[in-house]
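Participant: Here is my input, please return the structure:
(2 chains)
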Amino acid sequence: MKSKQETHLQLQSIFSSIMPTYGENYWLEHTELFGALPEFDSMAIVSLIGEIEDYFDIDLDDDVITAENFATVGTVVNLVLKS
Amino acid sequence: MINTHVEFCQGKLGKLFCIRRTPKNSLGNVIFLQPLFESANINRHVYTQSAILNYHACITSIIYDHYGTGDSEGELIDTNILLWQQDLVVHIQQIKKQSHLPIVIVAFSSATLLLTRAIIELVDHVQLWQPEFSGKRVVKQLKRISLISGEKKQKASAEYIEIAGYLMKSNLLETLGDLHFSIEKDMLNKLACFDVVEASDAPLSPSRQSAVNSLLQLGSYQRIIDHKYWQAAKLVLPKRFLTATSEALIRVIRNE
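Facilitator: Numbering: from 1, shown residues only, chains lettered A, B, ... in the order given. You can find the predicted model right below:
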C-alpha cells in the first residue's frame, strides 16, 4: 500500500496533467477543487477518476463520487487511501 | 499547399462528412477512425495534425465522422455500433477499388472497440493510440459524467436514453458495454500500440500490462512521454507522440 505522501505526489502529477495551467506545486493538501476551480468540471472529475483507477489499479464505486470527496486535494488523497 | 478535399461520401445509411488529404505519388492510405462521443471532439486536432504530418510523407489520409455524429448525416438516435463498423468496411473497400496501396487504420481510445477481426483482416496494419479495450469502462465513464452533471437517472427499460448530453437508443449503450477488444495471437503482426505517459518511470498498471502483454513482448508496444492531451482542460498538442506515431506509420507504409 502506498503512503499518504506517495499518493499525494502521484495525485499532484495527475492533477497537473488534467489541469496543466497549474504547476505540480499548486496541488497542496488544502487546495480546493470542486466548486473552486473552473477547470474542475464534470469532464475533469471523470478523467481524474479514470486516471486514479488506472494508476492505483482500484475500482471507485459511483457512491464515492460526491462533492465532499472531491472538495480538496487532501480529500481525494484520503479517498484513494480508503479505496 | 496541402491537397485537401472535403466531401460527403456515401455510407451504408447516409452521407458521411469526410476530409481527404491526398499527396502526389501517395505511398499508402491511413483511415483515422473517430472515437466515440466526447473523445471525438477532444482528439480531432490531433488526428488533423497527424494527417498533415503523414501528407508530407506522401501518405493519403481519410478522416470521417461516423453516421449520426459530427457533420455526417443522421442523428445519434438512428445509429448503432454495427452501422459504424459497416461504414468503416465501406471506406476500406472504396480505397481498395481505387488503389493497391497499403491501408492503415489509426484508432484512438474507444475507436479501438469498433475494430473486429474481419476489419483488421481487410487492412495492412492498425495503429492503436491509447486504446480503450473495454466498452464497459466507456459506458461507466459516460454514466459518471451524467451523474456528476446532475442528470436524472433514467429507467434501464426505456427505449431511448440521454446521457452526458447524448440522446441515443438504449441498446447502443448496451452493445457498447458488451464490446471488448482482445489482442489475438494471429493479429499481432498487424498491430502496434502507443500509450502516452507523463514520465518515463510511470508504472504500467497490472490491467494495462495484461492487455498489451503480447504486443510488449513483440516490441510493438511503446510508451511516449508527452501530455495526456485528451484529458487536459486546455488544448494541448502532443508533439512527441505525433512524431513517434507518424514515424512508425511511415515505416509500416514503406515496409521498412
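Participant: quick check, A:Phe70 in a helix?
Facilitator: No. Counting by DSSP: H, G, I helix; E, B strand; the rest coil, A:Phe70 is not found in a helix; it is coil.
Participant: Grab the nearest non-local neighbour of it.
Facilitator: A:Phe34 (4.4 Å; CB to CB, 6 or more residues apart in numbering or on different chains). C-beta: built from backbone N, CA, C; applies to glycine.
Participant: B:Thr4 now?
Facilitator: Using CB to CB, 6+ apart, the nearest residue to B:Thr4 is B:Arg21, at 5.2 Å.
Participant: For the one you found, grab phi and psi.
Facilitator: Main-chain dihedrals, B:Arg21, degrees, to the nearest 10: phi -110, psi 120.
Participant: can you count the residues close to the residue nearest to A:Phe70?
Facilitator: 19 (other CB atoms under 10 Å in any protein chain shown).
Participant: Go ahead and confirm it touches A:Val76.
Facilitator: No. Proximity of A:Phe34 to A:Val76 does not meet the contact threshold set by CB atoms under 8 Å, at 9.6 Å.
Participant: all strands in chain B, in order from the N-terminus.
Facilitator: Ranges of strands in chain B, per DSSP state E, are B:4-10, B:15-21, B:28-33, B:59-64, B:103-108, B:125-129, B:160-163, B:166-169, B:191-197, B:221-225.
Participant: The ones you listed: lowest mean pLDDT?
Facilitator: Among the strands of chain B, strand B:160-163 has the lowest mean pLDDT, at a mean of 87.
Participant: helices and strands around it, which ones?
Facilitator: Strand B:160-163 is packed against helix B:135-148, strand B:166-169, helix B:170-178, with contacts defined by 3 or more CB pairs under 8 Å, 6 or more residues apart in numbering or on different chains; DSSP states H and E.
Participant: wait, doesn't the residue nearest to B:Thr4 sit right on B:Glu7?
Facilitator: No. Shown here, B:Arg21 and B:Glu7 do not form a contact pair, counting by CB under 8 Å, at 11.9 Å.
Participant: which one of those two has more residues nearby?
Facilitator: Counted by other CB under 10 Å, B:Arg21 and B:Glu7 do not tie: B:Arg21 has more neighbours, with 21 against 11.
Participant: Any idea what that one is bridged to?
Facilitator: Here B:Arg21 sits in beta bridges with B:Thr4, B:Ser61, going by DSSP bridges.
Participant: For it, list the residues it contacts.
Facilitator: Residues in contact with B:Arg21 (CB atoms under 8 Å, 6 or more residues apart in numbering or on different chains) are B:2-5, B:51-52, B:54-55, B:60-61.
Participant: okay, those residues in a markdown table with neighbour count next?
Facilitator: Output for those, formatted as a markdown table (neighbours: other CB atoms under 10 Å in any protein chain shown):
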| residue | neighbour count |
| --- | --- |
| B:Ile2 | 10 |
| B:Asn3 | 12 |
| B:Thr4 | 13 |
| B:His5 | 11 |
| B:Ala51 | 23 |
| B:Ile52 | 15 |
| B:Asn54 | 27 |
| B:Tyr55 | 19 |
| B:Thr60 | 24 |
| B:Ser61 | 27 |
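Participant: What is the neighbour count of the residue nearest to B:Leu53 when sequence neighbours are not counted?
Facilitator: Excluding the flanking residues, the one nearest B:Leu53 by CB to CB, 6+ apart is B:Ser246, at 4.2 Å. Look at B:Ser246: counted by other CB under 10 Å, it has 22 neighbours.
Participant: got it, and B:Asn255?
Facilitator: 9.
Participant: Read off the pLDDT value for the residue nearest to it when sequence neighbours are not counted.
Facilitator: Using CB to CB, 6+ apart and skipping the chain neighbours, the partner closest in space to B:Asn255 is B:Pro102 (7.8 Å). Note on B:Pro102: pLDDT of 97.
Participant: Wait, B:Gly177 touches B:Val139, no?
Facilitator: Yes. Taking CB under 8 Å as the definition, B:Gly177 is a contact partner of B:Val139 at 4.3 Å.
Participant: Enumerate the residues of chain A near chain B.
Facilitator: A:13, A:17-21, A:39, A:41-47, A:49-51, A:54-55, A:57, A:62, A:65 (CB under 8 Å from any CB of the partner chain).
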